[in-house]
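[1] sequence plus predicted model, see below.
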Amino acid sequence: MFFQQVVNGLTIGSMYALVAIGYTMVFGVLKLVNFSHGSVFMVGAYLTLELSLALGGNFFLAAAMSLVLTGMLGVVIDRAALRRLRVKKADRITALISTLGVGTILDNAVMIGFGSETKAFPNVLQLGRFTIGTTVISWVQVIILALALVLMAIMSVIVYRTQMGCAMRATSQNADAARLMGINVNQVIAFTFFIGSLLASIAGTMYGMYYEAIDPLMGSVISMKTFACVVLGGVGVLPGAMLGGLLIGVVEAVGASYISSGYRDAIAFAILILVLVLRPQGILGKKVADKL
Amino acid sequence: MKKTIKLVSVGLCLLLGLLTGCGGETASADTDGGSAGGNTSGSSSSGSSSEDGGDVIRIGFFAPLTGNSMQYGVSFQNAINMKVDELNQAGGIDGKQIEIVAFDDKNDPKEAVNIANKIVADPSIQVAIGSFSSSCSMAAAPVFDEAGILHLGPTASHPDFVNMGDKAFTIAMPMKFEGAADAEYAYKKTGGKDMAVIYLNSDYGVSHSSVFKDAYEALGGKVVAFEEFIPGQTKDFTPIITKIKQENPGALFVIADYSDGANIFKQAKNLELNCDLIGPGMLIKDEFIDVAGDAVDGLLMLSTLPIYSEEDRENEDSAKAAFVSEYQDLYGVIPDGFPANAYDCITLITNMISKVGYDAEALAGEFRQVGRYEGVSGNIAVDPDTKEVKRDLMVYTIVNGKYAVDEIVPST
Amino acid sequence: MAFLEIEDLHVHYGAIHALKGIHIQVEQGEIVTLIGSNGAGKTTTMNTAAGLLKPSQGKIIFQGEDITRFDAPQVVKRGICLSPEGRQVFPELSVLENLTLGAYLRPPKEREETIAVVYDLFPRIKERMHQPAGTLSGGEQQMLAVGRALMGKPKLLMLDEPSLGLAPIIIQEIFDLIVRINQLGTTILLVEQNAKMALRISHRGYVLETGRIVLSDRAEALLNSEQVRAAYLGG
């Protein structure tokens, strides 16, 4: 049973990782916890579903459109809810509350627009399962894990090997100094939101395909937990988001089976607290000296 | 200038917040001026009179109208409004129009208590119908009991509910009977196989599962796994399912709503857990079949509430058919057991009001004497002493993508 | 019209009136110093000229163009680069990455040549090319900050308190380098608390006190003035 639980946990964790990667990008660049990220993830899934129905079943086109539309949603959120706060040099906490508000609006808008019922989600990857010993693994699980790794690698390349990526890192370390370099910080931020939301859309579509169902609250359910994954792995560190996600997923699965299923979240969060007490910057995080 | 604008907008926001916070909408025949029902100041603004014997009969109603249980609350409201509009158009009760003072409790027990306080502060309301979940109904019950209001919980199946006040009523079978009936049926049907139970952590889930377990074991069966989950916490039940699989159960009883239930059955299938599948009536929704697909072939759903289909419109004579057609014509969907239940609630209450008048004490007395009532939601038997309700148990399966009655087990 | 003309500049932080109508001129090829005590408004002046702050009144004119309403990237494009107060290097980026970012708006082919010039001026940071900037010493970070600003090939280089927190020997080194940069053709606007050293290398200077220019003269004259000596050069 243990091995099966690890597989279960890695799957749960890969889902978290997919969402956490987008979360950590925005957090990394803006030092902002974007609490609307979970809701954007949910919107991405809904867009894929509804477009797929509207396009008469053309799933891949729908998923592709959802990517772009959700990415744009991220840009709109930044523009509408956050940019003005930056201009006015508002407290970080104000921006945080603003994202909470956006998340609530998105959740309720989808509920009102599409109903609060759970909806069936098409699974175009009917690839079946295979067994190793007594452990059952479905191919979709393998794909999701692989996808998370691939996306993480792509994001790392963007952040560490491109001009825009360098500008993103500069902005995250010192936005004013970045401006002095001639970097259009607003554009960098908009790009970050675009990418982060695009990732959320991918995560949403994969989530929908795997569980074959979506509902308007799936985002807020996962939001807190993936935030915990980000913090656990090290904020702003892409491999950290991945590691944090997988770790919490496995802890949850193993904890639920060997300790108590009712307390699964509590166990996961307990581990998070333990790690943070011992290593506040997260597992892969760097100790950042406070800038003046 | 900027400061004044800020002050004014803050003031406006506060004002709006107050107004929207004050209770919900009034539905159906709104006779006197549009007072937004539910002002805490007892007598609502101009128009509707608040003394007994006024020309409006105001009945309180609360249920989740927004949030993730909104589909249930809204269906309750639809059924109630349908009946009330029908009565009002025929002249009301003794010439008095009926007004439903509705509130949205968002399936939050704290909100239910707030609403209960608002309702009892209004002396014209003698009856309150609500809520959907046992948690909310039970949270509000003490408030109604202290004020002497008749509280009718359409789906309050928790065994303690009717004991929370001598005017606390329900037409739902309490869990202690339903759970026992489920266990008896499950034991008979599976031949006493080892049973695994997965249940949601709510008042309903906890009471249903523990009654079921005790009854199943009393019959000589073994419950080899008993796992709870917190609803809304996750969609991934694979850890629990894997744990259960270890115990090699012959049957699995899942107490969850249709959304979590569908996920559980699907994931059980993916993990190749093969055994008999049983679930409660809570699972029965169209979306359940959509989402669960073939993972629920052979699933038996035990319900004390019926479900309807197009065919049920046909039978000209029955009140059931009239209910189904009227509801579908008005709201565009076929009703299920939940609005049917709410419909029976409002029908019973309004029948009693025309018999003994609009007074909580008198109505409570009348309710105890109901005896056996044939409602659109099934046969209801009310015990005059305990107020406990017994109903027939209906066993549903899924045939060709639709629900079908497999068996009906009458109440003893 | 001077190379850089700051006219009647007023800057507010909310209700605080930080700059109360200052006039500053810089001619091409000069080194001009702005001295004053803490809180006088020196950094506010620099940040406003650089486009990080918006003035509430007044004008900034560079090479005849009104750049008052420009934001930082636009100012950089026009050829003004600032090495800000406190150095403000990107701590987790390497020295090389910091320098490369300085040339963000410049054509990429130019980069190699400009970096060579900067390394030539500051050999110490060349040694640390791949180290994270945050691990450099104060003096090295200052050199990096100046070098980074130079990567933008500015026509006007602005330096905000380059001596802050540095040992006297390093300060001397840095000021020598500033002179060299000026000799290579860059106009320099310098803001300094270390009035003596700054005025020694400058052509002209301004004295700023609580948001106003109280003195403006040739650097030598300021160095010899009783007023300035008493307030800023003593000890």
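    Structure received. Residues are numbered from 1 along each chain as shown, chains lettered A, B, ... in the order given.

[2] and the stretch 1-150 of chain B, which of its residues are near chain A?
    Neighbours of chain A within the stretch 1-150 of chain B, by CB under 8 Å from any CB of the partner chain: B:66-71. Yep, even glycine has a C-beta here, placed from its N, CA and C like the rest.

[3] swap in 6 Å and give it another go.
    Among all residues of the stretch 1-150 of chain B, those adjacent to chain A (criterion: CB under 6 Å from any CB of the partner chain) are B:68, B:70-71.

[4] number of nearby residues for residue 195?
    This is for chain A. Taking other CB atoms under 10 Å in any protein chain shown as the criterion, the count of residues near A:I195 is 23.

[5] wait, I meant chain C there
    The number of residues near C:A195, taken as other CB under 10 Å, comes to 22.

[6] grab the nearest non-local neighbour of residue 192.
    You didn't say which chain, so I picked chain A. A:V29 (4.6 Å; CB to CB, 6 or more residues apart in numbering or on different chains).

[7] looking at chain B here, not the other one
    Spatial nearest neighbour of B:G192, chain neighbours left out: B:G221 (5.1 Å); criterion: CB to CB, 6+ apart.

[8] so the one you found sits in a strand?
    No: B:G221 sits outside any strand when classified using DSSP: H, G, I helix; E, B strand; the rest coil, being coil.

[9] what about A:A20, neighbour count?
    36.

[10] need the pLDDT of the residue nearest to it when sequence neighbours are not counted.
    Leaving aside its sequence neighbours, A:A20 sits nearest to A:A241 (CB to CB, 6+ apart; 3.9 Å). Per-residue confidence for A:A241 comes out at a pLDDT of 89.

[11] from chain C, how far out is A:A241?
    According to CB to the nearest CB, to the nearest Å, A:A241 and chain C sit 17 Å apart.

[12] run a quick neighbour tally on that residue.
    If you count neighbours by other CB under 10 Å, A:A241 ends up with 35.

[13] how close does it get to A:A268?
    With distances taken as CB to CB, to the nearest Å, A:A241 is found 16 Å from A:A268.

[14] same thing with B:A147?
    The separation that B:A147 has from A:A268, given CB to CB, amounts to 44 Å.

[15] tell me which of these two has more neighbours.
    Comparing B:A147 with A:A268 by other CB under 10 Å, the one with more neighbours is A:A268, at 24 against 20.

[16] how about the contacts made by the more buried one?
    Remark: with contacts taken as CB atoms under 6 Å, 6 or more residues apart in numbering or on different chains, A:A268 is in contact with A:248, A:251-252.

[17] that one and A:I12, how far apart?
    From A:A268 across to A:I12, the span is 10 Å (CB to CB).

[18] got any residues that touch both of these two?
    A:E252.

[19] tell me which element B:I264 falls in.
    Under the criterion DSSP states H and E, the helix or strand holding B:I264 is helix B:258-270.

[20] could I have the CA atoms of that helix written out in CSV?
    These are the backbone C-alpha positions of helix B:258-270, laid out as CSV (Å, rounded to 0.1, in the frame of the first residue of the first chain):
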residue,chain,number,x,y,z
TYR,B,258,-23.0,14.1,-5.7
SER,B,259,-19.9,15.9,-6.5
ASP,B,260,-17.6,14.3,-4.0
GLY,B,261,-19.5,11.0,-4.5
ALA,B,262,-18.8,11.0,-8.2
ASN,B,263,-15.1,11.6,-7.6
ILE,B,264,-14.9,8.9,-5.0
PHE,B,265,-16.5,6.3,-7.3
LYS,B,266,-14.4,7.3,-10.3
GLN,B,267,-11.2,7.1,-8.3
ALA,B,268,-12.2,3.8,-6.8
LYS,B,269,-12.7,2.4,-10.3
ASN,B,270,-9.3,3.8,-11.4
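
[21] what is the burial count for the closest residue to chain A within the stretch 251-400 of chain B?
    Here the residue of the stretch 251-400 of chain B nearest chain A is B:S259; by CB to the nearest CB that distance is 3.8 Å. Look at B:S259: counted by other CB under 10 Å, it has 27 neighbours.

[22] can you get me a residue count around the residue lying closest to it once chain neighbours are set aside?
    In space, and not counting its chain neighbours, B:S259 is closest to A:T118: 3.8 Å by CB to CB, 6+ apart. With neighbours defined by other CB under 10 Å, the count for A:T118 comes to 27.

[23] where does residue 48 fall, helix, sheet strand or coil?
    Picking chain A for this. At A:T48 the chain is in helix, as set by three-state DSSP.

[24] picking up where we left off before, wait, what's in contact with the residue nearest to B:S259?
    A:T118 makes contacts with A:213, A:215, B:259, B:287, B:291, as judged by CB under 6 Å, 6+ apart.

[25] and A:L232, by the same measure?
    Taking CB under 6 Å, 6+ apart as the definition of contact, the neighbours of A:L232 are A:244, A:272, A:275, A:282.

[26] of the residues you listed, which is the most crowded?
    Across these, neighbour numbers were computed from other CB under 10 Å; A:G244 holds the maximum, 32 neighbours.

[27] nearest residue to that residue other than its sequence neighbours?
    Taking CB to CB, 6+ apart, and ignoring the residues beside it in sequence, A:G244 has A:G233 as its nearest neighbour in space, at 2.9 Å.

[28] and for B:G153?
    B:S137 (3.9 Å).

[29] would you confirm that the one you found contacts B:A156?
    Yes: distance between B:S137 and B:A156: 4.1 Å, which falls inside the contact criterion (CB atoms under 6 Å).

[30] could you point out which element follows the one helix or strand A:V221 maps to?
    Here A:V221 sits within helix A:218-233, counting by DSSP H and E. Where DSSP H and E defines the elements, the next helix or strand beyond helix A:218-233 is helix A:238-258.

[31] before we move on, back to that, element containing the residue nearest to B:G153, please.
    Under DSSP H and E, the secondary-structure element containing B:S137 is helix B:134-147.

[32] hmm, B:D194 is touching B:A251, no?
    No: taking contact to mean CB under 6 Å, the distance of 7.3 Å between B:D194 and B:A251 leaves them out of contact.

[33] which one of those two is surrounded by more residues?
    Counting neighbours by other CB under 10 Å for B:D194 and for B:A251 shows that B:A251 has the greater number, 23 against 16.

[34] list the contacts for that one?
    Applying CB under 6 Å, 6+ apart, one finds that B:A251 lies in contact with B:190, B:193, B:195, B:275-276.

[35] hmm, B:I408 is touching B:V395, no?
    No: applying CB under 6 Å, one finds B:I408 not in contact with B:V395, separated by 7.3 Å.
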